[in-house]
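1. Coordinates only, no sequence provided:
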C-alpha cells in the first residue's frame, strides 16, 4: 500500500513536503501548475514562484537498511541526505546532473557530516528536512534534520550537513568550479536564522 503524501498547509513560506513516490506541486502555486520554471521548455510566463530555502520529504525505513543491532546503519543517513537533496533540485525543475548544458555540470560533494541522537528502526517513518544554510556563486550548503514521525513520540534523531560545488568535468577528468545556472540560482535563498537553531 502506498503512503499518502504529507502536505503542509499551503502558504508562501511553507516548505514543499511530499512522499518520495509522488510528484510535487509547490504550495501557493495556481491549480494544476507543475514546477518546471527552471526548464527552458517550460518558461515562467510571468507566474511568480516563491523562493525556496527548505524542502521536506518522508520515507519508511527498509529492513535492508538496518544492521545486526536492528537499527539503521549510519551510512544510510548519507544516502537519505542525498535522496532529499535530489528531490529538492527536482522540485525546482533541475537536477544534480545537468548533462544538457555545455559544458555539462554536476554537484560533487566537498563536505558531508552527520551527528546522531537517536536510532531509527525497521518501518519507522522519518521526515527529512533540508534547509539551505549558505549560498555562494559556486557552492551551496545544507542542513538536513531527521525527525522520526511514526511511531510516536515524534523526535529528532540526527542532523546532517552537506556542502556541494557546481562543477564541470574536463576531458582529462579534472573538475572546474562553475557558477550555478541562473534559472536555478534565482529560485533559492538562505533559510532564516531562527529555522536553523
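-> It's in. Computed from a prediction, not measured in an experiment: that's the story for all the values here.

2. rest of the way, CA atoms for contacts and neighbours
-> OK.

3. what's the next secondary structure element after the lowest-mean-pLDDT helix or strand in the chain?
-> Scoring the helices and strands of the chain by mean pLDDT, DSSP states H and E places strand 16-19 at the bottom, with a mean of 47. Counting by DSSP states H and E, the next helix or strand C-terminal to strand 16-19 is strand 54-60.

4. and that next one, what does it pack onto?
-> strand 16-19, helix 75-91, strand 125-135 (3 or more C-alpha pairs under 8 Å, 6 or more residues apart in numbering; DSSP states H and E).

5. Please identify the helix or strand for the closest residue to residue 154 other than its chain neighbours.
-> Using C-alpha to C-alpha, 6 or more residues apart in numbering and skipping residues adjacent in sequence, the residue nearest residue 154 is residue 148, 5.4 Å away. Element membership for residue 148 (DSSP H and E) is strand 139-150.

6. Direction included, what does whichever helix or strand comes after that strand pair against?
-> Sequence order places strand 155-165 as the next helix or strand after strand 139-150, per DSSP H and E. In the sheet, strand 155-165 lines up against strand 109-116 (antiparallel), strand 139-150 (antiparallel) (DSSP bridges).

7. Return the set of buried residues in strand 155-165.
-> 156-165 (16 or more other C-alpha atoms under 10 Å).
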